[in-house]
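*Asks:* could you work out the structure for the sequence below:
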Amino acid sequence: MRMELKNVSFAYKSSQTPVLHDINLVLEEPGLYCIVGPNGVGKSTMVKCMNRILKPTSGQVLLNDVDIQDMKLKEIAEHIGYVPVQTQDVFSMPVIDAILLGRQKANKWKTTDEDLEIAARVMKMMGIQDLAMRGFNHLSAGQHQKVAIARGLVQQPEMLILDEPTANLDVKHQVYVSELLRAMAIEENMIVLMISHDLNIAAKYAHKIIVMEHGTVVDVGTSKDIITEDLVARVYEVECKIEDDEDRPHVVLGSVLSI
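*Replies:* Below is the predicted model of the structure:
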């Protein structure tokens, strides 16, 4: 599949200041892409424009050369899965049923044997098979996050968008989920696009990094090309040293340059 943003700008009606302006971006090769940048630069707003949660003030978001504003939400869901940073769901249902909601787009609320097989495989990959019959609203924040990711994965989308998927996870599970998403992007021939506030997670696992600054995309490339001391100083206003970690950059943070 091919996703293209052409001169995309966005401003909330309550504000005259644009959150996004003139974003141009093309995603068409399978892989794990990490969006990085400080708070408030429009990362979450951009991905919401990419799956029609928000409508750009100007410009176009094209899915396989079709403007997504001309597509039904069901059509978009056949191509794109979305996992928000925090789910607001409060389900009095077992985890397995919460995950199976991700399969209902195609089956009109009927659960098939194939649905159950896919859900079981994804739960095993996420390490949550023991939670299958646990009540969703009795889970911890980290367990909620894993279930939300699993619900996105069972859609078997061509593109999976995740807003900070490692939020609420401990270090072990941050690494596990990052490794899983990278491997799945290649094995399932998917575009996996995730927002990350952890530069070292992004640098270690992403095939490509997308840098946002002041409401627009300023650079796209490999971590070796993108993550530099100059970029961290300019974008994050923090001093750092870059060390080599198996031919990938590792950021050792220093002093804050300004407040």
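*Asks:* the stretch 51-200 of the chain: strands as residue ranges?
*Replies:* 58-63, 66-67, 80-83, 159-163, 191-195 (DSSP state E, counting those that start in this stretch).
*Asks:* in the first one, what counts as buried?
*Replies:* Residues of strand 58-63 classed as buried by neighbour count (16 or more other C-beta atoms under 10 Å): 59, 61-63. In this view, the C-beta of every residue, glycine as well, is placed from N, C-alpha and C.
*Asks:* okay, now the closest residue to Ile191 other than its chain neighbours: neighbour count?
*Replies:* Excluding the flanking residues, the one nearest Ile191 by C-beta to C-beta, 6 or more residues apart in numbering is Met159, at 4.3 Å. Neighbourhood size, Met159 [other C-beta atoms under 10 Å]: 23.
*Asks:* check contacts around Met159.
*Replies:* Met159 makes contacts with 1, 3, 27, 79-81, 190-193, as judged by C-beta atoms under 8 Å, 6 or more residues apart in numbering.
*Asks:* likewise for Thr112?
*Replies:* If a contact means C-beta under 8 Å, 6+ apart, then Thr112 has no contacts.
*Asks:* so what pLDDT did it get?
*Replies:* Looking at Thr112, its pLDDT is 90.
*Asks:* how about Leu169?
*Replies:* 86.
*Asks:* same question, Val122
*Replies:* Val122 carries a pLDDT score of 93 in this model.
*Asks:* how near is the residue lying closest to Ser178 once chain neighbours are set aside to Glu246?
*Replies:* Nearest-residue entry for Ser178: Tyr205, 4.4 Å, with adjacent residues in sequence omitted and distances by C-beta to C-beta, 6+ apart. For Tyr205, the distance to Glu246 (C-beta to C-beta, to the nearest Å) stands at 12 Å.
*Asks:* on that earlier part again, max pairwise distance over the contacts of Met159: which two?
*Replies:* Leu27 and Gly81 (14.3 Å; C-beta to C-beta).
*Asks:* of those two, which one has the most company?
*Replies:* Taking other C-beta under 10 Å, Leu27 and Gly81 do not tie; Gly81 has more neighbours (24 against 19).
*Asks:* residue contacts, the more buried one?
*Replies:* 102, 152-153, 155, 157, 159-161.
*Asks:* in the stretch 101-250 of the chain, which spans are helices?
*Replies:* Using DSSP state H, counting those that start in this stretch, the helices of the stretch 101-250 of the chain run over 104-107, 113-126, 141-153, 171-187, 199-205, 223-226, 229-231.
*Asks:* in TSV: these, plus mean neighbour count.
*Replies:* Output for the helices of the stretch 101-250 of the chain, formatted as TSV (neighbours: other C-beta atoms under 10 Å):
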stretch	mean neighbour count
helix 104-107	14
helix 113-126	16
helix 141-153	22
helix 171-187	17
helix 199-205	22
helix 223-226	18
helix 229-231	16
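*Asks:* out of the ones you listed, the one nearest Lys72 is which?
*Replies:* So among the helices of the stretch 101-250 of the chain, helix 104-107 is nearest, using C-beta to C-beta, at 10.9 Å.
*Asks:* just checking, the residue nearest to Ser178 touches Leu32?
*Replies:* Yes. Taking contacts as C-beta atoms under 8 Å, Tyr205 lies within contact range of Leu32: 6.1 Å.
*Asks:* overlap in contacts of these two?
*Replies:* Counting by C-beta under 8 Å, 6+ apart, the residues touching both Tyr205 and Leu32 are 181-182.
*Asks:* OK, contacts around the residue nearest to Val36 when sequence neighbours are not counted?
*Replies:* Counting by C-beta to C-beta, 6+ apart, Val36 lies nearest to Ala202, which is 5.3 Å off, once chain neighbours are set aside. Contacts for Ala202 (C-beta under 8 Å, 6+ apart) come out as 34, 36, 196, 209, 223, 227.
*Asks:* pLDDT at Ala202, what is it?
*Replies:* Ala202 is given a pLDDT of 96.
*Asks:* could you chop this structure up by domain?
*Replies:* Per automatic domain parsing, the structural domains of the chain span 1-79+157-222, 88-156.
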